[in-house]
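Colleague: Would you be able to build a 3D model of this:
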Amino acid sequence: MISANNNESLLVQAGRYSLVRNLKESSIYQVSRSVSLFSEWLGREATITDLKGDTVSVWLQAIEEKLSPRTVAGHRVNLLGLWRFMAEDGLCEAPRQVRKVAKPDPLPIAWTMEELRALLQQAQEATGLMVDGTPWCIYWEATIRCAYDTGLRRSDLWILRKDQIRPDGIQIRQAKTGRTHQPRLTARTLELLRQIKHDPPLSWPGKNSRQWYVEWNLLVARARIRPGALQQIRRTGATHLYREHPEDVQRYLGHRTPTMQRHYVDLSLAAPQSNMPPEL
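Modeller: Numbering: from 1, shown residues only. Purely as a prediction, here's the structure:
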């Protein structure tokens, strides 16, 4: 039975949805942003009564003219998730006949091993000392090698404590997913991590994390390689692991299912085309 109180704000319901579903802060923001975009399009605050297949479909069509297909698909998922949650509570009918949004295939780009080695060389040539006396060259080489060995995201690298580092690898709970992960480390990476005096060893000193990105981009520029964030190393490790041991990529990335690896493996490097048509 549908509740008669269906003029309630979607933003209020989004708050309940986030609480009950225990959404992460980033997900809460995304749901709220989708509701806000829907309200902006309506020209007023969106309510439960606005959740109709035709209305939402026209809205999706409208934002397709301004946003990328992947972004529009994300807003569709957010609004439908909230819609289904309210339907479970009997506040509205379940979603029906809502416009589909075609997402393009992911196009991950990884560095070649030559590019990664050029970046590593620049890290080894870094000069100066950190506040605790650790040479910057040790910090940057450890960051690159640990990211490559483990496939960890930057957020996990920054919180990795020395007591989580064993002689054969790492035991860590991933910040993004909450899942435990046990990646391995090379002897060289272990040696570098031990030389860093502060803990967590790969954390950035001070509160201004923007400076980390400035220094990182300088390293990349000096290496004269294609631009890329630390995430690029995660893709690079997954890509080159895929060439020899595709069955290990899922565990390397710490994913629950193997399907997510398509967002990380650069097939132009991992599975290059062997032959070409006859030369003209």
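
Colleague: Ile138 is in contact with Leu192, isn't it?
Modeller: Yes. Using CB atoms under 8 Å, Ile138 is in contact with Leu192, at 5.8 Å. Where you see a C-beta, it was placed from the backbone N, CA and C, and this is true even at glycine.

Colleague: For the stretch 151-280 of the chain, which segments count as helices?
Modeller: Ranges of helices within the stretch 151-280 of the chain are 154-159, 187-195, 210-223, 231-244, 249-253, 267-270, based on DSSP state H, counting those that start in this stretch.

Colleague: In CSV, list these along with distance to Thr177 and mean pLDDT.
Modeller: Shown next, in CSV, are those (distance: least, CB to CB, whole Å; pLDDT from 0 to 100):
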stretch, distance to Thr177, mean pLDDT
helix 154-159, 10, 93
helix 187-195, 23, 96
helix 210-223, 23, 94
helix 231-244, 14, 94
helix 249-253, 11, 93
helix 267-270, 23, 92
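
Colleague: Compile these into JSON lines and extend it with columns for mean neighbour count.
Modeller: Formatted as JSON lines, those follow (neighbours: other CB atoms under 10 Å):
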{"stretch": "helix 154-159", "mean neighbour count": "18"}
{"stretch": "helix 187-195", "mean neighbour count": "16"}
{"stretch": "helix 210-223", "mean neighbour count": "14"}
{"stretch": "helix 231-244", "mean neighbour count": "21"}
{"stretch": "helix 249-253", "mean neighbour count": "20"}
{"stretch": "helix 267-270", "mean neighbour count": "16"}
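
Colleague: okay if I get those as CSV plus distance to Ala147?
Modeller: Formatted as CSV, the helices of the stretch 151-280 of the chain follow (distance: least, CB to CB, whole Å):
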stretch, distance to Ala147
helix 154-159, 6
helix 187-195, 10
helix 210-223, 11
helix 231-244, 4
helix 249-253, 12
helix 267-270, 17
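
Colleague: Would you mind saying which of those helices lies nearest Leu107?
Modeller: Closest approach to Leu107 among the helices of the stretch 151-280 of the chain (CB to CB): helix 267-270, 9.5 Å.

Colleague: List the contacts of the closest one.
Modeller: Residues outside helix 267-270 that contact it (CB atoms under 8 Å, 6 or more residues apart in numbering): Ala110, Thr112, Thr239, His240, Tyr242, Arg243.

Colleague: The fourth one contacts Glu114, correct?
Modeller: Read it as His240. No. The criterion here is CB under 8 Å, and His240 misses it with Glu114 at 11.6 Å.

Colleague: I'd like to know how many residues surround Thr71.
Modeller: 14 (other CB atoms under 10 Å).

Colleague: what kind of secondary structure is it in?
Modeller: Following DSSP: H, G, I helix; E, B strand; the rest coil, Thr71 is assigned to helix.

Colleague: List the contacts of the residue lying closest to Val101 once chain neighbours are set aside.
Modeller: Spatial nearest neighbour of Val101, chain neighbours left out: Ala73 (4.3 Å); criterion: CB to CB, 6 or more residues apart in numbering. Applying CB under 8 Å, 6+ apart to Ala73 gives the contacts Val101, Ala102, Lys103.

Colleague: now do Ser9
Modeller: With CB under 8 Å, 6+ apart as the criterion, the residues that contact Ser9 are Glu45, Ala46, Thr47.

Colleague: now Leu241
Modeller: Asp248, Val249, Tyr252.

Colleague: export those to a markdown table and tack on distance to Gln231?
Modeller: Below are the contacts of Leu241 laid out as a markdown table (distance: CB to CB, whole Å):
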| residue | distance to Gln231 |
| --- | --- |
| Asp248 | 20 |
| Val249 | 16 |
| Tyr252 | 14 |
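
Colleague: Closest one to Leu11 out of the contacts of helix 267-270, please.
Modeller: Proximity of the contacts of helix 267-270 to Leu11 (CB to CB) peaks at Ala110, which lies at 39.8 Å.
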